[in-house]
Every structure is written in C-alpha cells, then in structure tokens.
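A.B. asks: Model the following, please.
(one chain, ligands or ions: 1)
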Amino acid sequence: MLKTESINSPEDKVDVGVQIKEIHIRRMTKKWASCSSKGRLTFDPVLLDESKKKRTEAVLHELLHLRYPNHGKMFHLALNEYRRKSNA
Ligand SMILES: [Zn+2]
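C.D. replies: Alright, predicted model coming up:
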C-alpha cells in the first residue's frame with residue numbers, strides 16, 4: 001500500500017498554478033521523480049520515506065517543470081519562492 005497522501009498532506013499545500021493530468025508512483029532507477037510535458041508526474045516510492053522537506057522539494061521541482069521545462073534562472077527563482085512559501 002502506497003502512502004500517496006504523504007505527498008499531498010495538507011501542510012504541504014502550496015499553489016504552484018499548474019495543471020496536473022496524472023500522478024504515477026513507480027520505481028525509478030536513476031532519479032526520484034520525473035515529469036512529462038503533457039502534465040504527467042511520476043514519483044519513486046522511496047521518496048515517501050524521505051523527510052517532508054525532501055518530499056516537498058521533489059514535488060515542487062517536478063511541478064515547476066510543468067511551467068519551466070529547464071533548470072534556468074526562472075526555474076530556480078520560482079523554486080526558491082515556493083520553497084519559502086511551503087515552509088511558511
Ligand atoms: Zn529537474
């Protein structure tokens with residue numbers, strides 16, 4: 001049984017303003033999470049055992065990729081902003 005609610009527990013809620021089509025949980029070998037340009041997010045279940053901080057970080061990272069496909073300056077600015085908000 002996967003603890004999917006851990007990813008979206010109420011205290012983790014921050015509105016990134018993107019549209020998610022699907023969320024998948026499956027084992028990945030090279031990374032913890034990925035996203036497709038079509039709005040599908042995939043998370044590795046190992047993430048569920050990580051700290052809340054790391055989970056939030058990973059979720060935010062992938063959500064922001066739906067807005068910024070690369071790791072450019074805007075991506076990092078937005079990531080910092082939402083990271084700050086999610087800790088507020
Ligand atoms: Zn990335």
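A.B. asks: start to end distance for stretch 16-24?
C.D. replies: Here the two ends of stretch 16-24 are set 19 Å apart, with distance taken as Cα to Cα, to the nearest Å.
A.B. asks: and that stretch, which residues are buried?
C.D. replies: Going by neighbour count (16 or more other Cβ atoms under 10 Å), the buried part of stretch 16-24 is Val16, Ile23. In short, each C-beta sits where N, CA and C put it, glycine included.
A.B. asks: What mean pLDDT does it get?
C.D. replies: Averaging the model's pLDDT scores along stretch 16-24 yields 85.
A.B. asks: roughly how far is it from the heart of the chain?
C.D. replies: In terms of Cα atoms, centre = their mean, to the nearest Å, the gap separating the centre of stretch 16-24 from the centre of its chain is 9 Å.
A.B. asks: just stretch 35-51 next, same as before
C.D. replies: Taking Cα atoms, centre = their mean, one finds stretch 35-51 lying 6 Å from the centre of the chain it belongs to.
A.B. asks: In that stretch, which residues are buried?
C.D. replies: By 16+ other Cβ under 10 Å, the buried positions in stretch 35-51 come out as Cys35, Leu41, Thr42, Phe43, Asp44, Leu47.
A.B. asks: quick one: average pLDDT of stretch 74-87?
C.D. replies: The model assigns stretch 74-87 a mean pLDDT of 90.
A.B. asks: likewise stretch 55-63?
C.D. replies: pLDDT averaged over stretch 55-63 equals 91, rounded to a whole number.
A.B. asks: Now that stretch - C-alpha only, PDB.
C.D. replies: Taking only C-alpha atoms (Å, rounded to 0.1, in the frame of the first residue of the first chain), the coordinates of stretch 55-63 have been written out as PDB:
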ATOM      1  CA  ARG A  55       9.400  15.300  -0.500                       C
ATOM      2  CA  THR A  56       8.300  18.900  -0.800                       C
ATOM      3  CA  GLU A  57      11.400  19.700  -2.700                       C
ATOM      4  CA  ALA A  58      10.900  16.900  -5.100                       C
ATOM      5  CA  VAL A  59       7.200  17.600  -5.700                       C
ATOM      6  CA  LEU A  60       7.900  21.300  -6.200                       C
ATOM      7  CA  HIS A  61      10.700  20.600  -8.500                       C
ATOM      8  CA  GLU A  62       8.600  18.500 -10.800                       C
ATOM      9  CA  LEU A  63       5.600  20.800 -10.600                       C
END
